[in-house]
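>>> sequence and computational prediction follow.
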Amino acid sequence: MTNLLLKVEHLKKYFPIRAGLFSTNKGEVKAVDDLSFELYEGETLGIVGESGCGKSTTGRAIMRLSEPTSGKVTFDGVELTALSEKEMRKMRRDIQMVFQDPYASLNPRHTVERILEEPLIVHGIGKAKERKEKVHEYLEIVGLSAYHAKRYPHQFSGGQRQRIGIARALMTNPKLIIADEPVSALDVSIQAQVLNLMQKLQEDLKLTYIFIAHDLGVVRHISDRVGVMYLGRMVELADSDSLYEEPLHPYTQALLLAVPIPDPLHHREPIVLEGDIPSPSNPPTGCAFHTRCPYASDICKVTAPLFRKVKPGHSVACHLYNDVQH
Ligand code: SF4
């Protein structure tokens, strides 16, 4: 039985909207609204949704880089949401992030050696010589070479920079990596290389991943399970095969139609998504997806559907499945 590594319970992150001379509170943006899920050692959970759905905020709130408004996050038996700032900084040794834009996240004035050494210095790991050796070792592990250590970020290609970003995340031997759109800024041909590298590292180093993306195609092969978010909430969560073969939520079905299908005989009726994603500061009543859903009925406009399990390993928040027995 695989061990539970991360448990997220009713996580909320609301941002106040302030306006006017005295910065009075004009409401709030519910970036993450009552999110619950579990993550097991060695697995990859993909989290997918359009921009503004709260997926990146979820990653930051788990690490408390963005302080949660409420809810509980437990990592490896430790309740992160109950830790002091100082204790949390120590815990970040075990939870690291890989960012979308490696160029923006790497200090352009520092050599790669300095960039990779920094997490070790921050966490007081090793002596100078050991740290340098580890930098060289991890450059090799991510497919670069020790001679790259003295170079600066601008001397690398986008794909190589993301390898440096991954190496930096690995320096403290973390258990969990939260990768926030790690391949979105890369050319398609390079994306596959970085995804393959991440998969190999996961096997070799026994890593657990949360892999955030805006496209269901990108996370398909790397994810054991996939969660789909819409306006701060999880609307569907399932094993990868189940989600891609039989998506239940109309939003997931629409997102999947944006992913090219290798088999031209596999025909799916298109679902047309009406309108833009609504503002998270003023989400629609009832089911937040009702303004764009082709199946919306009266109940959808007034009552939010519960997120519930409708089959083994497959949960969904949609009134279409209210009668399903499980
Ligand atoms: Fe569509 Fe209603 Fe289901 Fe929401 S609850 S996804 S509006 S059918």
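Happy to help now that I have it. Residues are numbered from 1 along each chain as shown.
>>> list of residues touching stretch 96-109?
With contacts defined as CB atoms under 8 Å, 6 or more residues apart in numbering, stretch 96-109 is touched by 59, 63, 65, 114-115, 119, 152-154, 158, 161-162, 164-166, 168-170, 172, 174, 176-182, 184-185. Every residue, glycine included, has its C-beta placed from N, CA and C.
>>> skipping adjacent residues, who's closest to Met234 in space?
Nearest residue to Met234, sequence neighbours excluded (CB to CB, 6 or more residues apart in numbering): Gly227, at 5.2 Å.
>>> which residues touch that neighbour?
Contacts for Gly227 (CB under 8 Å, 6+ apart) come out as 37, 45-48, 234, 236-237.
>>> now it: how far from the ligand?
16 Å (CB to the nearest ligand atom, to the nearest Å).
>>> so which strand or helix has that residue?
For Gly227, the element it lies in under DSSP states H and E is strand 225-230.
>>> that strand pairs with which strands, parallel or anti?
Strand pairing for strand 225-230, using DSSP bridges, gives strand 44-48 (parallel), strand 233-239 (antiparallel).
>>> ok, which of the ones you listed comes nearest Val142?
Of all the strands paired with strand 225-230, strand 44-48 sits nearest to Val142, with 17.7 Å by CB to CB.
>>> list the helices and strands the helix or strand just after the closest one packs on?
For strand 44-48, the following helix or strand on the C-terminal side (DSSP H and E) is helix 55-62. Counting contacts by 3 or more CB pairs under 8 Å, 6 or more residues apart in numbering; DSSP states H and E, helix 55-62 packs against strand 4-19, strand 24-40, strand 44-48, strand 70-75, strand 176-180, strand 208-213.
>>> and helix 55-62, which residues are buried?
Using 16 or more other CB atoms under 10 Å as the test for burial, helix 55-62 gives 55-62.
>>> do stretch 197-217 as well
197-198, 201-202, 207-217.
>>> same question for it, mean pLDDT?
Taken as a whole, stretch 197-217 carries a mean pLDDT of 95.
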